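1. Fold the following.
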Amino acid sequence: MASTSSFSPMALVVALVLVLGTSTCHAARRLADDTAPAAAPAAIPAIPAVPKPTIPAVPAVTVPPMPAVPAVTLPPMPAVTVPAVPAMPAVPGAALPPLPAAVVPAVPKVTLPPIPGMPKVTLPPMPSVSIPGMPTTPFLAPPPKA
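-> The predicted structure is shown next:
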């Protein structure tokens, strides 16, 4: 687990060394000194004016008035009588046989042997690596005790 947690900072350090160590500054200066200045870009032609189309006027239209809705009288609804629902007959009580008693087998008591502990492993000391231009930052928390 310790090697996994130190992998990402190590990858970051390696990436920074690669980025900061490989410089193309001198090549860029030589290239800038040896090449002729670029020609001025050609003028961009102006966009021609587009004439606006003429929109014909909408003619005024007179709409005929809406006819009146005639009043309608509906015949009266006939009275509806709902017949009464007959009562449910009583269900005779049925005698059920008694349920047999459930027999649950007893679970024997078992003691498990103790689980052996993890063996103590001592790691060799980590060599200190100093990178020029990179300040060393201390750990925020102490390492976990095994």
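
2. switch to C-alpha atoms for all contacts and neighbour counts from now on
-> Fine.

3. for this structure, what's the longest helix?
-> Ordering each helix of the chain by length in residues (DSSP state H) puts helix 7-21 first.

4. And that helix, how far out from the chain middle?
-> Mean-position distance between helix 7-21 and its chain equals 30 Å (C-alpha atoms, centre = their mean, to the nearest Å).

5. Let me see the residues that make contact with it.
-> Here helix 7-21 makes contact (C-alpha atoms under 8 Å, 6 or more residues apart in numbering) with no residue beyond itself.

6. so how many other residues sit close to residue 17?
-> 15 (other C-alpha atoms under 10 Å).

7. Quick check: it vs residue 10, distance?
-> From residue 17 over to residue 10 the distance is 11 Å, taken as C-alpha to C-alpha, to the nearest Å.

8. what's the answer for residue 127, then?
-> Separation of residue 127 from residue 10 (C-alpha to C-alpha) stands at 13 Å.

9. more neighbours, the two?
-> residue 10 (11 against 6).

10. Helix, strand, or coil at residue 76?
-> Per DSSP: H, G, I helix; E, B strand; the rest coil, the local secondary structure of residue 76 is coil.

11. which residues does it contact?
-> Contact criterion C-alpha under 8 Å, 6+ apart gives no residues in contact with residue 76.

12. For the protein, name the helix or strand with the lowest mean pLDDT.
-> Using mean pLDDT, DSSP states H and E, the weakest-scoring helix or strand in the chain turns out to be helix 2-5, at a mean of 57.

13. Low-confidence ranges, the protein, go.
-> Where the chain drops to pLDDT under 70, the residues are 1-6, 21-37, 134-142, 146.

14. Try it again at 80.
-> Applying pLDDT under 80 to the chain flags the ranges 1-8, 16-45, 91-94, 115, 118, 126-146.
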